[in-house]
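Undergrad: Kindly return the folded structure for what I paste below:
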Amino acid sequence: MKNLSPSLQSHLDDGTTTLSWCWRISRADGVALGFTDHDRVLSFDGTAFEPESGFAASEIRAGSDLAVDAQDATGVLTSDRITETDILDGRWDNAAVELWRVNWANTSQRVLLRRGAVGQIRRGRMAFVAEVRSLAHVLGQTVGRTFQAGCDARLGDTRCGIDLENAIYKGTGVVTDLVRDRAFMVSGLASFEAGWFTSGTLTWTSGVNVGRVTEVLSHGLADAIATMTLLEAPVLPIAEGDNLIARAGCDKRIATCSAKFANVANFRGFPNIPGQDAVLRYASQDGGHEGNVL
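TA: Just a heads-up that it's a prediction; the model follows:
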């Protein structure tokens, strides 16, 4: 139940209201933006809410259980602060959202209706639909360690301990030829064996994608020329001559941790944990049921 200020309650009781929706979105990069469906700028709490930004709200759904409630915010790419590139870059992913109901004639009369986070964004050529999830979505996130055969650490983090800035795990290259939108040939990485950068990352240091980081799907090598295939195509097209930094990848297996990184002491998985096959096993007279992988 929402507690309304006496002035806002009086305005609602009057019967003739001047109400509008306001969204405040705080991205992970620290940028806080405000939008409103009103026709002029509204300001409160240090945020200017931009009008005519193309935002339109769906109905607000809320349940009494712990299910994740969601509201859709539909918009067109008319605001200079909402760009297709930023959406593709993921800068709006999981951004914190505040939804306000505001008296546009007197913005001190307002109520915070919901907090949440930006979920799935469905994008078209000229419009997008952003899902605004309630705070209940946090309850579905994994907290603490995951018991699994593979390592649950991220390569290069404090739990892993590998220094990805070491020249053994890092190389620089230049795009020499394009194969398709997310596959290309690179010179300068001939000293690294094929597969070294598979599941690793690639950082663009020049070109239109400069500063962006992408994940490497596969890494091949033939005649001293590396072939890189990215997991997803970059936001902007790759061009010959683009410079990059490639960092090693890991498939999270203990064998790779030992052979490639000599880092078994920091392996964060449980390679001997029973798998689903253990449930399907049956007793037999010939033995052979010692708990090993089938």
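Undergrad: so Leu99 is in which element?
TA: Per DSSP states H and E: Leu99 is located in strand 96-103.
Undergrad: Determine the next helix or strand in the C-terminal direction from that strand.
TA: strand 110-123.
Undergrad: Can you show me the CA trace of that following strand as CSV?
TA: These are the backbone C-alpha positions of strand 110-123, laid out as CSV (Å, rounded to 0.1, in the frame of the first residue of the first chain):
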residue,chain,number,x,y,z
ARG,A,110,4.4,12.6,-6.5
VAL,A,111,4.6,9.0,-5.4
LEU,A,112,7.1,6.3,-6.2
LEU,A,113,5.0,3.4,-7.6
ARG,A,114,7.7,0.9,-8.4
ARG,A,115,11.4,0.1,-8.4
GLY,A,116,12.8,-2.5,-10.7
ALA,A,117,15.4,-3.2,-13.4
VAL,A,118,15.5,-3.3,-17.1
GLY,A,119,15.2,-6.9,-18.4
GLN,A,120,14.7,-8.1,-21.9
ILE,A,121,14.8,-5.5,-24.6
ARG,A,122,13.1,-6.3,-27.9
ARG,A,123,14.3,-4.1,-30.7
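Undergrad: Which parts of it count as buried, going by neighbours?
TA: Going by neighbour count (16 or more other C-beta atoms under 10 Å), the buried part of strand 110-123 is Arg110, Val111, Arg114, Gly116, Ala117, Val118, Gly119. No exception for glycine: its C-beta is placed from N, CA and C like everyone else's.
Undergrad: same check, this time on stretch 183-197
TA: Residues Ala183, Phe184, Met185, Val186, Gly188, Leu189, Phe192, Gly195, Trp196, Phe197 are the ones in stretch 183-197 that count as buried (16+ other C-beta under 10 Å).
Undergrad: what's the helix or strand for the second one?
TA: When you say that, I think you mean Phe184. strand 183-187.
Undergrad: So which other helices or strands are in contact with that strand?
TA: strand 170-180, strand 225-230 (3 or more C-beta pairs under 8 Å, 6 or more residues apart in numbering; DSSP states H and E).
Undergrad: Just name the most buried of the ones you listed.
TA: Ranked by mean neighbour count under mean count of other C-beta atoms under 10 Å, the helices and strands packed on strand 183-187 are led by strand 225-230, which reaches a mean of 19.
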